[in-house]
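Enquirer: missing the sequence, but the structure's below:
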């Protein structure tokens, strides 16, 4: 059997083995991406519900760190809903903005440093296959989600990088269905950046 055939078979097996709760979580996660691209505050509702389900699934699978990560996503979803609602009521629409380069440099340096420390612990205390990349995508996801909640254009660029690495990681570990989802999210991120960039470049009408 060729590598492509094995990958397709693994993807199909993953689809068949998907539980109803997992399917709902994935569907809500996809809805979150679509709504985020459209700058609809309802993205935070679908994203929060998806993460809430993932908390249960992660605990059931005995993955406490993943459950903790999903708790963060639920909390940031509440914040994102509040912030986007406030901005819409104050300005009439959600305004896309950017951060200075120096802020990104500091934030990226912090993410890399924390990832290196986490990776060292994973390498010595666990059997993690890709400790640094695993850590980097986790901490990078936290940072990118925060930027999205603050309506910063650059969040999509981070997601493009993160989803690319995740697609590689999951594919390398034989998780082809999850890798395919990462590729799908990568596409969403590219579309999101283009859509938000157009909005960012459009002058705000004077009131």
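Expert: Yes, it's here. Computed from a prediction, not measured in an experiment: that's the story for all the values here.
Enquirer: name the helices or strands packed onto the helix or strand hosting residue 22?
Expert: Element membership of residue 22, judged by DSSP states H and E, is helix 20-37. Judged by 3 or more C-beta pairs under 8 Å, 6 or more residues apart in numbering; DSSP states H and E, the packing partners of helix 20-37 are helix 43-60, helix 176-201. Where you see a C-beta, it was placed from the backbone N, CA and C, and this is true even at glycine.
Enquirer: In contact with residue 72, which residues?
Expert: Applying C-beta atoms under 8 Å, 6 or more residues apart in numbering, one finds that residue 72 lies in contact with 142, 145.
Enquirer: Apply 7 Å and report the result again.
Expert: residue 142 (C-beta atoms under 7 Å, 6 or more residues apart in numbering).
Enquirer: Could you do residue 141 as well?
Expert: residue 162.
Enquirer: where's it relative to residue 189, distance?
Expert: Distance, residue 141 to residue 189, by C-beta to C-beta, to the nearest Å: 12 Å.
Enquirer: Would you point out which residue is most central in this structure?
Expert: residue 141 (5.5 Å; C-alpha atoms, centre = their mean).
Enquirer: now the longest helix anywhere in the chain and helix 43-60, what's the angle there?
Expert: If you go by DSSP state H, the chain has its longest helix at helix 64-91. Taking axes from the mean of the first three to the mean of the last three C-alpha atoms, to 10 degrees, one finds helix 64-91 and helix 43-60 inclined to each other by 170 degrees.
Enquirer: helix or strand right after helix 64-91?
Expert: Downstream of helix 64-91, the first helix or strand assigned by DSSP H and E is helix 101-125.
Enquirer: buried sites along the helix or strand following that following helix?
Expert: Counting by DSSP H and E, the next helix or strand C-terminal to helix 101-125 is helix 131-149. For helix 131-149, burial by neighbour count (16 or more other C-beta atoms under 10 Å) applies to 131-141, 143-149.
Enquirer: tell me the angle helix 131-149 makes with helix 64-91.
Expert: Between helix 131-149 and helix 64-91, the angle comes out at 20 degrees (the same axes, to 10 degrees).
Enquirer: Flag the helix or strand of the chain with the lowest per-element mean pLDDT.
Expert: Every helix and strand in the chain was compared by mean pLDDT, DSSP states H and E; the lowest is helix 3-17, with a mean of 63.
Enquirer: Just give the number of residues close to residue 201.
Expert: By the measure other C-beta atoms under 10 Å, the count of residues near residue 201 is 9.
Enquirer: pLDDT below threshold where in the chain?
Expert: Applying pLDDT under 70 to the chain flags residues 1-18, 61-65, 203-207.
Enquirer: at 80 what do you get?
Expert: The chain contains residues with pLDDT under 80 at 1-22, 57-66, 92, 126-129, 173-178, 203-207.
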